[in-house]
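In: For reference, the sequence and a predicted model appear below.
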Amino acid sequence: MVITIPSFAGARAGVRHFFGTRRSGSGHESARVVVSVKQVHGTDVLVLDHPVDSGQEFDGEWDALVTDQPGVLLTVRTADCVPVLIHDPVREVVAAVHTGWRGAVAGILPKTLAVMQQRFGSQPASLRMSLGPSVGACCYEVDEPVLSRLRAAYADWRSLVRDTGPGRAMLNLRGLVLGQARSAGLRADGIHPVGLCTVCHPTLFYSYRREGEVRGTMVSGIMLAPRCRAAGRRRGKRRAD
């Protein structure tokens, strides 16, 4: 079982995507190449703007992937963090982003959008984005180390938290990511959140916060359909620092 959002992207748009559950299959059946990388809650973006070989490995640590190559499935793994999938139907580019609180506060999503614009000419107003299942504000209590980072990064940080005690608050991580997308110029009608909390649905999703350990992760992915051909892209280095 996987979750797809037809209003976000579908086969008719030349894109295939899915948000995984704990009962999902691989979701890789139609992909020529599956890209899975080491995630570290950072802000490095892997750009694949040239043909990729099946089984090819990518050294380094990446929390966002971008490609204009058809048949290349970009995947991210989550178990409470926000999986973000992005499609540019104009420039024929897709991206997958692993967004935990550290990456969100550090700006992984705005950086990915900037890379898409710099490398492929993607304009924020043309983008379509979907946020997959993640820990909700109902279940995400954080402490002072998280709050201090949030306060230092965002003037309106109070709109994202609800105090629960001294140095503790419930954090709306999904709201943080949505706010960053809107601030970057994405249109409201181009953003499609799933809205399901991973902690609240134990039969559907793994959750590190609920289970207290990593018992599994959900895989989410996005791919330009093999029939799509992206041409005339600029070639360059893979990593955007």
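Out: It's in. Numbers count the residues shown, from 1 in each chain.

In: Residue 85 should be in a strand, yeah?
Out: Yes. Residue state for residue 85 (DSSP: H, G, I helix; E, B strand; the rest coil) corresponds to a strand.

In: Spatially nearest residue to it (excluding sequence neighbours)?
Out: Counting by Cβ to Cβ, 6 or more residues apart in numbering, the nearest residue to residue 85 once its immediate chain neighbours are dropped is residue 222, at 4.4 Å. C-beta here means a position set from N, CA and C on the backbone, and glycine is covered the same way.

In: Next, the contact list for that neighbour, please.
Out: Neighbouring residues of residue 222 by Cβ atoms under 8 Å, 6 or more residues apart in numbering: 9, 15, 16, 17, 73, 74, 85, 86, 87, 94, 95, 96.

In: you'd agree the fifth one is up against residue 34?
Out: Yes. With contact defined as Cβ atoms under 8 Å, residue 73 counts as touching residue 34 (4.8 Å).

In: Counting neighbours, go ahead and name the busier of those two.
Out: The residue with more neighbours, out of residue 73 and residue 34, is residue 73; 27 against 20, by other Cβ atoms under 10 Å.

In: next one: the helix or strand hosting that one to chain centre, how far?
Out: Take DSSP states H and E as the rule and residue 73 turns out to sit in strand 72-78. Taking Cα atoms, centre = their mean, to the nearest Å, one finds strand 72-78 lying 9 Å from the centre of the chain it belongs to.

In: Can you check which helix is longest in this protein?
Out: Counting by DSSP state H, the longest helix found in the chain is helix 108-120.

In: pLDDT (mean, whole number) over that helix?
Out: Helix 108-120 comes out with an average pLDDT of 97.

In: and what of stretch 213-223?
Out: Average pLDDT, stretch 213-223: 89.

In: May I have the distance across that stretch, first residue to last?
Out: End-to-end distance for stretch 213-223: 30 Å, by Cα to Cα, to the nearest Å.

In: Understood, closing this out.
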